[in-house]
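Peer 1: can you look at this prediction? I've put the sequence above it.
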Amino acid sequence: MDGQTLLLNLYHPPRILLKVGPTLKLFLKRVVEAAGMTPLEHTFTVEHFPVLRGGVWKGGGGVSASMILIESHIFIHTWPELLYARVELSSCKPINLDSVLMTVKAFCGEKCKVSYKLVGWVESEEEMQYFVNARRTNCEH
């Protein structure tokens, strides 16, 4: 099986993207569709995390959100205090990088700086068979 993982770093994205669940869902959906993939929208999850301020854990921290795709998954993790977000899009088929970058830039605006790394990976039939056999062994009682 061949696949790709795209890592996006977003510096100074819109503040609403860093904290608001519905905005994150819309962003992830648009990125997934730009990549040429199919989201399973009912799998969208979002978790809010506190930050340590003056020795006390308070709200207003980062958000992690995810969505399962027919082709694999997408995650976003945010650090509002740093005006930063990180996206990981993993797929068992090629990612339409140009379309994703255009979509991210259109959604985030000119202030947002984007860096990325696209990594390809290949699992041989032998590796896949090892995984299947390992799961069988681990599941036997």
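Peer 2: Looks like it arrived, so ask away. Keep in mind that this is a model prediction, so the values were computed, not measured.

Peer 1: please name the bridge partners of the residue nearest the centre of the chain.
Peer 2: For the chain, Phe75 is the residue whose C-alpha lies nearest the centre (C-alpha atoms, centre = their mean; 2.4 Å). Phe75 has the following beta-bridge partners by DSSP bridges: Ser66, Glu88.

Peer 1: what residues does it make contact with?
Peer 2: 64-66, 87-88 (C-beta atoms under 8 Å, 6 or more residues apart in numbering). From N, CA and C alone the C-beta is placed, and that goes for glycine too.

Peer 1: show me which of those is closest to Thr103.
Peer 2: Of all the contacts of Phe75, Thr103 sits closest to Val87, with 11.3 Å by C-beta to C-beta.

Peer 1: just the element for the closest residue to that closest one other than its chain neighbours, please.
Peer 2: Leaving aside its sequence neighbours, Val87 sits nearest to Leu8 (C-beta to C-beta, 6 or more residues apart in numbering; 4.0 Å). If you go by DSSP states H and E, Leu8 is part of strand 2-11.

Peer 1: restricting to C-alpha, output that strand in PDB.
Peer 2: Listed next in PDB are the C-alpha coordinates belonging to strand 2-11 (Å, rounded to 0.1, in the frame of the first residue of the first chain):
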ATOM      1  CA  ASP A   2       1.300   3.400  -0.900                       C
ATOM      2  CA  GLY A   3       0.300   6.600   0.800                       C
ATOM      3  CA  GLN A   4       1.200  10.200   1.700                       C
ATOM      4  CA  THR A   5       1.200  12.300   4.800                       C
ATOM      5  CA  LEU A   6       1.100  16.100   4.600                       C
ATOM      6  CA  LEU A   7       2.200  18.200   7.600                       C
ATOM      7  CA  LEU A   8       1.100  21.800   7.500                       C
ATOM      8  CA  ASN A   9       2.400  24.500   9.900                       C
ATOM      9  CA  LEU A  10       0.100  27.600  10.100                       C
ATOM     10  CA  TYR A  11       1.700  30.700  11.600                       C
END
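
Peer 1: much appreciated, bye for now.
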